[in-house]
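A.B. asks: Below is the sequence, then the predicted model.
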Amino acid sequence: MRDGTVLRADIYRPTTGQPVPVILYRTQYNKTAAQVTPYRYQSPDWFASHCYLVVTQDIRGLYASAGTFTEFANDQNDGYDSVEWAARLPGSTGKVGMYGSSYVGATQWLAAETAPPHLATIVPSNTSADYFDGWTYEGGAFRLNFVEPWYLGDLAIASAQHRGDAATTDQLHSAYRDQASWLRFTPYRQLPPLQPTNPAVGPDFFTWLAHRTQDDYWTRWAPERYYPRIAIPVLNFEGWYDAFLAGGVQNFTGMVAGAGSEFARANQRLVIGPYDHIGWGRPGSTEAPMLKALGPVANSPVNDLMLAWWDPYLKGADNGVGTGGPRVDYFPLGSNTWHTTGTWPPPGTQPTAYHLGSGGHANTGAGDGTLSPAAPNPGSSLPDRYRYDPANPVPSLGGHSCCGVNGTYSSQGPYDQRPVEARPDVLTYSTPPLEHDTDVTGPISLTLWATSSAPDTDWTAKLVVVHPDGAAVNLNNGILRASYRDSLSTPSPIVAGQPYRYTIAIWPTSNLFHTGDRIRLEVSSSDFPQFDPNPNTGGWLADSTAARPADQTVLHDAAHPSTLLLPIVPSTAEPPTLPAAPTR
């Protein structure tokens, strides 16, 4: 690297004497592990057999590479230097592409932000547009079930192994196995398995706790700030239950709108399948039975599609990819088919308001909460009330978290929500059984009018499909910390008892609601351990163990019209279906 630090890589060469393009995989998860065919990607050998020179590299400070690892901080410059080094390898044509998921997706965006001259395309999967909102925090809430197990597991263990610290490695393996207990430990700053501070990885965990707002620490790395500087084609892969879905969609739409060249804007592609962050829906690789049941049609097309994508952008082969402008291939839940469209959301999508209403008893799945395109009659919709106790938060049951403990919390994917909806601190608002099939595809938001007895609290929202047999299956969810209602960078407390208008972003989905299904919205104030419970004190559980219950009131009268905005795709606007997973 430019500062003299040595990063080590494995190189897989095809058996050809002709120069070939380079595929670069910069990972924090051990470069040698890429050779073991995992659940997502074929091995580097496989890609090399298609006449690519494949490079797998350990990023700075982990496994075989020298230096000190710091999350995000070195991957812009190191990414640039690694791309340019790879372009000069013997047998290279000088064109470089990148691939990988999760943090390996982040290493691609961070490299692209520096515009290496020889970087021709990237294929980031399951990764974000902003490392504050949608990675570490969401709507101001801390993504506890992602960040804490990640540091207890992958990052801290890799760092300890890198330093040859066997005792710490054993200790962290034990802590990771017991992560369900540690998720309840407060305050987070005193988390015992990371004390004393891990010299290579631990500081990042505590730095992330210290940077609770969208400040310069985060914005200097966020891909969304760099779209105008990035002038290359990008193929994005995402899943409806992925931990970074919203960011992956934003990377596509942001690049289509503002990439650094007309060529780049016209050569963006997004694939969204029925996947969580780990399994991608394949049997044996996901904890969610409903994803396993979809069968082979739902399998990820990532490997073949990457070859089809790389051929024109790295080899100059005219195979029809990239000639028709931006493209989205997506798998509507409930349809068991793939659809394709040139825009996101699909053309013809109509944002449709569904008004919340009740007789004052929307508590539990058996409550009287309603969801209707028609506004409630004046005076007929009474407020709903519940008590939120951070000592007894609503448990996470599926969703877009990562990567929780099997058998304790089901953190990813679709699950029957009836156990959650049995709680009195969960409000449900439902349509009558639908009289015709209804396609909901795109971004979703909830305008919620509410009051709280606390100076700060949380509001959660979850979109659910209720089948005729009563099963209530989550589609996606969102959260907003009340103090972040107006700004992610300058939070402010609320006044107890005063009504506020909150806009909660529910992450995108695509679901075909069938005749007889009902559309349901769940509203509450906690989703643990996906997010840290708000202690209702104005502080938070990283600094203190203090917490108290809060009395919550949801309003939906004429003066306070709480509404769910759903993207409805008219049947006449539905895009054509593809016969199988997209390959071109």
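C.D. replies: Perfect, thanks for sending it. Numbering: from 1, shown residues only.

A.B. asks: What count of nearby residues applies to T515?
C.D. replies: T515 sits with 11 neighbouring residues when counted by other C-beta atoms under 10 Å. To be clear about C-beta, it is placed using only N, CA and C from the backbone, and glycine gets the same treatment.

A.B. asks: next one: R385
C.D. replies: There are 17 residues near R385, going by other C-beta under 10 Å.

A.B. asks: How about P90?
C.D. replies: 8.

A.B. asks: where do the strands sit along the stretch 101-250 of the chain?
C.D. replies: With DSSP state E, counting those that start in this stretch as the criterion, the stretch 101-250 of the chain has strands at 119-125, 137-138, 141-142, 234-241.

A.B. asks: Now do the first one: which elements does it pack against?
C.D. replies: The elements that strand 119-125 packs onto, with contact taken as 3 or more C-beta pairs under 8 Å, 6 or more residues apart in numbering; DSSP states H and E, are strand 92-101, helix 103-112, strand 234-241, helix 245-258, helix 302-310.

A.B. asks: Which among the ones you listed is found nearest to T503?
C.D. replies: Proximity to T503 (C-beta to C-beta) singles out helix 245-258 among the helices and strands packed on strand 119-125, at 14.4 Å.

A.B. asks: what's in contact with that closest one?
C.D. replies: With C-beta atoms under 8 Å, 6 or more residues apart in numbering as the test, helix 245-258 has contacts from 109, 124-130, 134-135, 223-224, 227-228, 230, 234, 236-239, 242, 264-265, 268-270, 272, 326, 328, 344, 400, 443, 476, 505, 507-508.

A.B. asks: redo that, cut-off 6 Å
C.D. replies: Helix 245-258 has contacts (C-beta atoms under 6 Å, 6 or more residues apart in numbering) with 128-129, 134, 223-224, 227-228, 234, 236, 238, 265, 268, 270, 326, 344, 400, 507-508.

A.B. asks: next SSE after that helix?
C.D. replies: Later in the chain than helix 245-258, the nearest helix or strand by DSSP states H and E is helix 262-266.

A.B. asks: okay, now P347: neighbour count?
C.D. replies: 11.

A.B. asks: and it, what does it touch?
C.D. replies: P347 touches nothing, counting by C-beta under 6 Å, 6+ apart.

A.B. asks: what about it, helix or strand, and which?
C.D. replies: Per DSSP H and E: P347 is located in neither a helix nor a strand.

A.B. asks: Report pLDDT for it.
C.D. replies: P347 is assigned 94 on the pLDDT scale.

A.B. asks: I'd like the distance between it and V328.
C.D. replies: According to C-beta to C-beta, to the nearest Å, P347 and V328 sit 11 Å apart.

A.B. asks: Which residues are in contact with each of the two?
C.D. replies: With C-beta under 6 Å, 6+ apart, P347 and V328 have no common neighbours.

A.B. asks: can you redo the strands of the stretch 101-250 of the chain as CSV with distance to T428, mean neighbour count and mean pLDDT?
C.D. replies: What follows is these, written out as CSV (distance: least, C-beta to C-beta, whole Å; neighbours: other C-beta atoms under 10 Å; pLDDT from 0 to 100):
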stretch, distance to T428, mean neighbour count, mean pLDDT
strand 119-125, 34, 25, 98
strand 137-138, 22, 26, 98
strand 141-142, 21, 23, 98
strand 234-241, 21, 28, 96
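
A.B. asks: Counting neighbours, what do you get for P508?
C.D. replies: For P508, using other C-beta under 10 Å, the count is 25.

A.B. asks: re the thing from before, okay if I get the strands of the stretch 101-250 of the chain as a markdown table plus distance to L382?
C.D. replies: Shown next, in a markdown table, are those (distance: least, C-beta to C-beta, whole Å):
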| stretch | distance to L382 |
| --- | --- |
| strand 119-125 | 47 |
| strand 137-138 | 31 |
| strand 141-142 | 29 |
| strand 234-241 | 35 |
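
A.B. asks: Ok, which of these comes nearest I59?
C.D. replies: Nearest to I59 among these is strand 119-125; the distance by C-beta to C-beta comes to 15.0 Å.

A.B. asks: which residues sit against the closest one?
C.D. replies: 83, 95-99, 101, 105, 108, 112, 232-235, 237, 306, 313-314.

A.B. asks: what residue is smack in the middle of the protein?
C.D. replies: F244 (1.5 Å; C-alpha atoms, centre = their mean).

A.B. asks: Can you verify my assumption that it contacts A129?
C.D. replies: No. Counting by C-beta atoms under 6 Å, F244 sits too far from A129 to count as a contact (8.3 Å).

A.B. asks: show me the contacts for W135.
C.D. replies: W135 sits in contact with S128, where contact means C-beta under 6 Å, 6+ apart.

A.B. asks: switch the cut-off to 10 Å
C.D. replies: Shown in contact with W135 (C-beta atoms under 10 Å, 6 or more residues apart in numbering): 72, 103, 106, 127-129, 143, 146-147, 208, 218, 221-222, 243-244, 247.

A.B. asks: Which members of these are positioned in helices?
C.D. replies: Y103, A106, F146, V147, W208, W218, G247 (DSSP state H).

A.B. asks: Which one of the strands of the stretch 101-250 of the chain lies nearest to T364?
C.D. replies: Once the strands of the stretch 101-250 of the chain are compared by C-beta to C-beta, strand 141-142 is nearest, at 23.7 Å.

A.B. asks: Pull out the buried positions in stretch 487-507.
C.D. replies: L488, P491, I494, Y500, Y502, I504, A505, I506, W507 (16 or more other C-beta atoms under 10 Å).

A.B. asks: got it, and stretch 456-468?
C.D. replies: Those would be D456, T457, D458, W459, T460, A461, K462, L463, V464, V465, V466, for stretch 456-468 by 16+ other C-beta under 10 Å.

A.B. asks: Would you format those residues as JSON lines with distance to G79, secondary structure and pLDDT included?
C.D. replies: Below are those laid out as JSON lines (distance: C-beta to C-beta, whole Å; DSSP: H, G, I helix; E, B strand; the rest coil; pLDDT from 0 to 100):
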{"residue": "D456", "distance to G79": "38", "secondary structure": "coil", "pLDDT": "98"}
{"residue": "T457", "distance to G79": "40", "secondary structure": "coil", "pLDDT": "98"}
{"residue": "D458", "distance to G79": "36", "secondary structure": "strand", "pLDDT": "98"}
{"residue": "W459", "distance to G79": "38", "secondary structure": "strand", "pLDDT": "99"}
{"residue": "T460", "distance to G79": "36", "secondary structure": "strand", "pLDDT": "98"}
{"residue": "A461", "distance to G79": "36", "secondary structure": "strand", "pLDDT": "98"}
{"residue": "K462", "distance to G79": "37", "secondary structure": "strand", "pLDDT": "98"}
{"residue": "L463", "distance to G79": "36", "secondary structure": "strand", "pLDDT": "98"}
{"residue": "V464", "distance to G79": "40", "secondary structure": "strand", "pLDDT": "98"}
{"residue": "V465", "distance to G79": "41", "secondary structure": "strand", "pLDDT": "98"}
{"residue": "V466", "distance to G79": "46", "secondary structure": "strand", "pLDDT": "98"}
